[in-house]
Every structure is written in C-alpha cells, then in structure tokens.
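**Q** just to be clear, the model below is a prediction. Sequence and coordinates:
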Amino acid sequence: MILAVGVTVGCVIGFGHSAQDSVDPTDEYSRVYTSDYILDQGWDYHAPPQRREYHWTVRDQEHNPDGIYRRMILVNNQFPGPQIRVNEGDTIVVHVQNMGVNATSIHWHGIYQNGTPYMDGTVGVTQCPIPPGGNLTYEFTVRDQSGTYWWHGHNGMQSSDGMYGPLIIHGRKEDELQRIKYDTDRVVMLSDHYHDLSSALLWQYLKPDMENAEPVPQSGLINGRGLRNCDEFPDRKCDNTTSNAGYANFELPAGKAHRLRILNVGAFAEFQFQIDEHELAVTEVDGTDIEPVSYHRININPAQRYSVVINTDVQTSNNFWMRARMITQCFTDPPKTLQTDVMGIVQYVSNDSATADHGYVPNSTDWTERLNMECKDMNTTELRPADITPAPADADAFFYLRSNFEIGAYRLSRGFFNSSTWRPNVRSPTLLRAIDGVKEVNHNFTSTAVSQPASPNAFINNAAFDEQRGYVLQTTGVQTIDVLISNFDDGNHPIHLHGYKYFVLAQGHGYPAMKSKTAGMTRENLEPMYASLDLSNPLRRDTASVEGFGWLLLRIVADNPGAWAFHCHLSWHTEAGLLMQLLTRTDELGRIEVPESNRELCTMEGIEKGMGPADEDYRDLAK
C-alpha cells in the first residue's frame with residue numbers, strides 16, 4: 001500500500017510513489033463486458049478432475065469505471081478481473097507475475113486450501129508478498145466445496161483498487177442441491193467505488209483523532225460499471241461517454257429462469273439488491289446450497305455471496321431496473337458527491353442470441369414496502385441448507401471475543417479483538433513460523449500456553465506470539481470451538497474466516513440471553529442462550545456479520561491444518577488491526593511441506609512496498 005500525502009496525487013513518504021509514476025501508458029486497457037461473466041450452460045459438470053491453468057499479470061492502470069479517471073491495480077489489464085470456473089476436484093494453477101509498483105498477493109476467498117494452507121494468499125499469515133518484478137505460482141485442488149466464490153488482492157487494500165474477480169466451482173451434486181432449475185447462469189458483482197487510491201485514503205483514515213471515521217465511497221459499480229455526471233467533478237479528469245462507463249446490461253431470454261450469482265466485492269458498503277417487479281428466490285449462500293426462500297430485496301455485506309433465481313415472465317415491460325442501494329446507516333461523514341444507488345438494466349430478449357436495445361431507459365416500478373436500511377445480515381434462521389448437516393451437539397472449548405476500536409498511542413484509533421490489534425509480519429508469516437517450530441519441536445508451538453483457559457487442546461498461544469499484535473487461537477487434534485463476538489462499535493463487522501465454513505448458531509442486538517448480567521460472558525452464564533439454539537441444520541457460511549452493539553455466535557469444527565485469518569472484511573477495519581488468527585491441527589503441521597518458491601519470497605527485496613503505515617509514522621502528527 002502506497003503512503004502518500006493528499007488524496008489524488010501526493011508527495012511520497014518512505015514506501016510510495018506518485019500516481020503519475022504508477023501507470024504504464026503503453027498498456028491498453030481491456031474492457032470486460034457483462035457478457036464475460038455469463039456461464040455457458042454447455043459446461044461439462046461431470047468431467048474428470050483436471051488442471052485449469054491461468055497466466056496473470058498484475059499492473060497499475062488508469063481507468064474510469066464510472067467516468068472519473070483514477071489509478072487502479074488490474075490483472076491482465078481487465079476490470080473486473082478474469083473469471084475462474086472449475087469443477088469440484090479440479091486443480092487450479094495460477095501463474096502470477098507482478099509488474100506493479102507495489103508488492104502483492106492473491107487470496108482465494110472461501111476456498112478451504114485443505115493440504116495447501118500456504119496457498120491461501122494472506123500476507124503475514126500464510127505467505128510473504130510477491131515483490132515488484134517477482135512471481136509466484138498458486139496451485140491448489142478444490143475439494144468438498146462448490147458454489148460462488150471470488151479472488152482478490154490481500155496485501156493492504158488492493159481489492160479496493162480493482163484487483164478482484166469471480167471464482168465459480170460446480171459441484172458433483174449441483175443438480176440435486178440447486179432446488180430450482182434454471183436456464184442461464186451469470187455473475188453480478190457489486191462494489192463500492194472510490195475515486196482515489198486506497199493508500200491515500202488509508203493514510204487519512206488511520207491518522208490521529210480520526211476515531212474510526214471510515215472513508216465513504218463516491219459511487220457504486222455493478223460488474224465494474226457505473227455512471228456519474230462529469231459536471232459534479234470539475235477538478236477531475238472525467239469522460240462518461242466511453243465504453244467503460246455506463247449501466248451494466250443483463251440481456252435475459254424471456255420466459256425462462258435465470259440464476260444470478262451476486263457478490264459484494266466492495267471494501268465498506270453493504271448493499272440492498274433488487275430487480276424491479278421480480279421476486280428473488282435465494283438458493284445459495286457463500287457456497288452453501290439452501291432451500292429456496294423468496295424476497296423482494298436482499299441485503300448483502302462485503303465478501304458475502306447469494307445466488308438468486310428470477311423468472312423473466314413479468315408482463316408490464318421488457319426493461320427493468322436492477323438496483324443496488326448502499327446502506328448509509330454505517331457511513332460516518334458521507335461526501336456531498338455520494339451516489340447511493342447504482343443501477344443496472346435487465347432487458348428481456350427473445351432468445352439467447354438476441355441483442356437488446358441498450359439505449360432504452362426502464363420505466364419499471366420499485367417495490368412499495370419500507371426499505372430495510374440497517375447495517376446487519378439478513379435473518380439467517382430463514383436460510384436452511386439443502387444438504388442437511390446438524391451442528392455438533394456441543395463444543396470442546398468456548399472463546400469470548402470483544403470487538404471494538406480503542407484510542408492508543410499518538411491518539412490513533414485501532415481495531416481490537418480483546419487486547420490485540422493486528423500488525424502483519426511480512427518477512428515471517430505465522431504459518432511458516434509454526435510449521436518450522438513444530439518440526440524443530442519448539443515447545444512454544446506444542447505445549448499449552450494458556451492466557452484464556454479453555455481446553456488443553458484449544459487455547460490462546462501467547463508464548464509463540466506477541467498477544468498485543470498477533471492474537472492466535474491454537475488447537476491440536478480435531479476440536480469443535482464456539483466463538484462468541486460482542487461488538488462494542490456502532491458499525492457492522494462482516495466476520496470472515498479463511499480455510500473454513502462455520503455454523504452460524506445465533507446473532508442479535510444488545511446482549512445474548514444469560515443467567516446474570518454481572519457474571520460475564522462464560523459458557524455457564526450463557527446457558528439460556530444455548531438452550532434456545534436450533535442445531536438441527538444451521539446455516540454454514542464463511543462471512544457473517546456482527547451488527548453494531550450486537551453479538552454473533554459461531555461454531556467451528558477446527559479440522560483443517562494451517563494458519564487462518566479471522567477478521568472483519570470491511571477493508572478499513574482489517575487495516576486498522578481487526579484481525580486475529582486460528583492456528584489449527586498443529587499436530588498435522590509437521591507433515592506440510594511449503595514450496596521453496598514461497599519461502600524465497602521472504603528474502604526478496606521490495607516485499608515491504610505497499611505496506612500500510614505503521615503507527616510510528618504518525619508520531620509527528622500527534623504532537
């Protein structure tokens with residue numbers, strides 16, 4: 001992440017450069033159209049497992065997704081980035097060449113990485129970053145999962161600068177578990193959009209006395225497209241007449257059923273999604289097929305995914321607005337230029353090969369019921385997996401996490417889980433330290449180092465890790481652990497766990513049911529909450545939200561060897577330190593062999609380029 005003073009272009013402080021330096025003018029931008037995210041129904045879902053190989057180059061590029069030009073970080077000069085489509089059991093091989101000015105990594109969001117935790121792509125947790133001019137090959141097999149996922153940059157906030165794309169896995173039982181049959185299948189990516197580099201905004205956000213006032217986006221995009229009036233931005237280079245800007249168009253054959261895989265790939269904003277006059281039958285949540293539930297609108301937090309099926313049988317028109325509204329309840333200080341609604345157009349066509357009239361503006365009717373504009377998840381108790389899987393009857397250990405922002409040294413506001421605020425070690429990631437420690441019989445990794453008593457096989461390891469900067473929950477053997485998070489912040493936190501899906505047991509506002517409000521958040525005191533749980537078939541997902549001043553109870557079957565980030569997926573909060581780690585199945589870590597190419601990254605020059613600012617960088621500003 002680049003540190004720069006100012007928002008558009010600024011002087012360099014240590015790690016960065018100016019925006020002017022970053023763009024390679026010889027590379028012509030390659031537009032990705034909505035049609036590139038249509039999934040061909042002729043795909044062989046039952047083909048034998050195979051290697052799917054991709055060659056990607058990361059570059060800095062100037063682009064105007066909504067008309068306003070800004071510097072972005074793109075893969076293969078595409079925005080949004082390339083789509084990966086595979087079958088369950090396939091091996092994905094992605095050769096990444098970093099031609100950008102900053103170090104980078106790629107995280108495969110929601111992928112278990114069973115047996116290959118070093119391919120998870122999380123800087124400071126599973127790998128060192130790929131330096132400018134460097135390369136790395138990611139190779140992993142997708143096992144025991146299917147559905148809608150995505151990939152994105154995971155060094156700083158590079159996904160907010162354009163480094164993301166969809167990853168679709170077709171399951172062996174997809175025909176059975178997708179209860180509603182559909183004729184077409186396509187991806188719909190929703191994102192908030194900032195007109196400035198994330199690095200410049202991050203520098204401002206993390207400054208003294210900001211008190212967690214997150215930067216608010218100017219716009220939203222659907223599949224990388226939006227439309228702004230250039231007159232609103234007289235000081236910015238703008239052209240909204242190019243093919244880059246405009247409404248995303250979805251041409252759907254009339255009289256058929258269509259699956260839309262909706263992803264929130266943004267940094268901060270929760271969206272409320274709808275298509276005028278069309279019911280949305282939700283059939284998948286974060287890769288879990290569910291029994292269909294119909295809504296007029298769905299709320300989707302950053303990093304979450306929902307598949308919906310719609311029927312193009314409405315008789316009032318052939319053109320309808322697709323609306324994605326930002327939920328502004330969590331915005332601290334919205335700019336005057338904020339455009340809360342991003343629009344797309346759904347157009348009926350006569351057959352799969354017909355072309356719609358893109359010059360037509362819909363005159364469709366919005367739903368009349370009251371908008372739900374709260375920053376929180378949909379009611380997950382209504383979302384029941386199609387493949388019935390009861391949660392384990394009880395947990396081996398219980399952990400309580402307090403999530404909040406605190407003002408510390410230099411009057412800086414930072415995110416905390418309990419007493420810890422995350423700072424990545426880019427030259428010595430957790431996974432490599434743990435694997436090497438286990439193989440060397442370092443007892444800091446193999447003995448109980450309890451700071452929060454729970455179980456001899458599940459504890460906070462404060463012997464091997466600095467608890468103030470790296471909060472690590474360590475487990476040995478297969479353990480079922482409950483994690484209760486209380487949010488003492490007024491904002492929403494979509495909590496993502498790498499390497500797993502968890503059971504969402506309960507979530508709510510205020511405090512959960514307990515015996516005594518003075519006895520603390522212990523398993524015994526929370527017996528009234530536990531007595532009300534339905535364990536028969538709770539939702540399984542990888543990103544669930546704890547609302548402002550609310551709580552979230554998760555049950556995790558910790559059976560996947562590796563080091564896994566557990567963090568708020570609002571990118572600003574992650575960079576402010578709201579991340580901890582699960583180090584699971586340490587008894588199996590000694591069997592994992594990390595490729596030498598991964599280890600070599602840690603010795604290379606330039607891997608610190610693009611890191612977020614350290615607290616000490618603000619020392620003079622705090623005087």
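**A** Happy to help now that I have it. Numbers count the residues shown, from 1 in each chain.

**Q** thought Glu284 was touching Tyr149?
**A** No - if you go by Cβ atoms under 8 Å, Glu284 and Tyr149 don't touch, sitting 10.9 Å apart. The C-beta positions use only the backbone N, C-alpha and C, and glycine is treated the same way.

**Q** shared neighbours, the two?
**A** Common neighbours of Glu284 and Tyr149, using Cβ atoms under 8 Å, 6 or more residues apart in numbering, are Arg305.

**Q** quick one, which of those two is more surrounded?
**A** Just comparing Glu284 and Tyr149: by other Cβ atoms under 10 Å the higher neighbour count belongs to Glu284, 26 against 22.

**Q** now that one: which helix or strand?
**A** Using DSSP states H and E, Glu284 falls within strand 280-285.

**Q** other residues contacting the helix or strand following that strand?
**A** Following strand 280-285 in sequence order, the next helix or strand is strand 288-295 (DSSP H and E). Identification of contacts with strand 288-295 by Cβ under 8 Å, 6+ apart yields 146-147, 171, 174, 177-180, 279-284, 309, 378, 382-387, 501, 539-541.

**Q** what segments of the stretch 401-550 of the chain are helices?
**A** With DSSP state H, counting those that start in this stretch as the criterion, the stretch 401-550 of the chain has helices at 430-439, 443-446, 527-531.

**Q** ok, residues contacting the shortest one?
**A** Read that as helix 443-446. 434, 437-438, 461, 463-464, 474, 586, 589.

**Q** those: which two are farthest apart?
**A** Maximum pairwise distance among these (Cβ to Cβ): 15.9 Å, between Ala463 and Leu589.

**Q** give me the buried subset of the contacts of strand 288-295.
**A** 146-147, 171, 174, 177-178, 280-284, 309, 378, 383-386, 501, 539-541 (16 or more other Cβ atoms under 10 Å).

**Q** where's the nearest residue to Gly415 once chain neighbours are set aside relative to Gly612, distance?
**A** Ranked by Cβ to Cβ, 6 or more residues apart in numbering and with sequence neighbours excluded, the top spatial neighbour of Gly415 is Leu578, at 3.2 Å. Relative to Gly612, Leu578 is positioned 13 Å away (Cβ to Cβ, to the nearest Å).

**Q** with Tyr112 instead?
**A** Between Tyr112 and Gly612 the computed distance is 28 Å (Cβ to Cβ).

**Q** go on, Gly100?
**A** For Gly100, the distance to Gly612 (Cβ to Cβ) stands at 16 Å.

**Q** the more surrounded of these two?
**A** Comparing Gly100 with Gly612 by other Cβ under 10 Å, the one with more neighbours is Gly100, at 27 against 24.

**Q** returning to that earlier point: for the residue nearest to Gly415, what are its contacts?
**A** With contacts defined as Cβ under 8 Å, 6+ apart, the neighbours of Leu578 are 403, 415-417, 421-422, 493, 567-568.

**Q** near Gln50, how many other residues are there?
**A** For Gln50, the count of nearby residues is 11 (other Cβ under 10 Å).

**Q** which non-adjacent residue is nearest it?
**A** With Cβ to Cβ, 6+ apart, the residue lying closest to Gln50 is Asp90, at 5.7 Å.

**Q** phi, psi of that neighbour?
**A** Per-residue torsions, Asp90: phi -70, psi 160 (degrees, to the nearest 10).

**Q** just Asn598 next, same as before
**A** In terms of degrees, to the nearest 10, the main-chain angles of Asn598 are phi -70, psi -40.

**Q** contacting residues around it?
**A** Residues in contact with Asn598, defined by Cβ under 8 Å, 6+ apart, are 118, 127-128, 136.

**Q** one more time with 6 Å, if that's ok
**A** If you count contacts by Cβ atoms under 6 Å, 6 or more residues apart in numbering, Asn598 has them with 118, 127.

**Q** how does the chain divide into domains?
**A** Domain assignment for the chain by automatic domain parsing gives 19-382, 397-592.

**Q** need those in TSV with distance to Leu621 and mean pLDDT, can you?
**A** Formatted as TSV, the domains of the chain follow (distance: least, Cβ to Cβ, whole Å; pLDDT from 0 to 100):
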stretch	distance to Leu621	mean pLDDT
domain 19-382	6	92
domain 397-592	7	92
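
**Q** next, format those as CSV and append distance to Cys602.
**A** Shown next, in CSV, are these (distance: least, Cβ to Cβ, whole Å):
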stretch, distance to Cys602
domain 19-382, 4
domain 397-592, 5
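
**Q** of all those, which one is nearest Met604?
**A** domain 19-382 (4.8 Å).

**Q** circling back to that earlier point, okay, Ala463 and Leu589: which has more neighbours?
**A** Legend: neighbour count by other Cβ under 10 Å for Ala463 and Leu589, higher for Leu589 (23 against 18).

**Q** quick one: secondary structure of that one?
**A** What DSSP: H, G, I helix; E, B strand; the rest coil gives for Leu589 is helix.

**Q** distance-wise, check it relative to Val349.
**A** Per Cβ to Cβ, Leu589 is found 54 Å from Val349.

**Q** Gly255: neighbour count?
**A** Neighbour count for Gly255, taken as other Cβ under 10 Å: 11.

**Q** equivalent analysis for Gln347, please.
**A** Residues near Gln347, counting by other Cβ under 10 Å: 22.

**Q** do Arg323 as well
**A** Neighbour tally, Arg323, other Cβ under 10 Å: 20.

**Q** please apply the same query to Ile388.
**A** Counted with other Cβ under 10 Å, residues neighbouring Ile388 total 9.

**Q** who are the contact partners of the closest residue to it other than its chain neighbours?
**A** Leaving aside its sequence neighbours, Ile388 sits nearest to Asn537 (Cβ to Cβ, 6+ apart; 4.8 Å). For Asn537, the contacting residues are 384-385, 388, by Cβ under 6 Å, 6+ apart.
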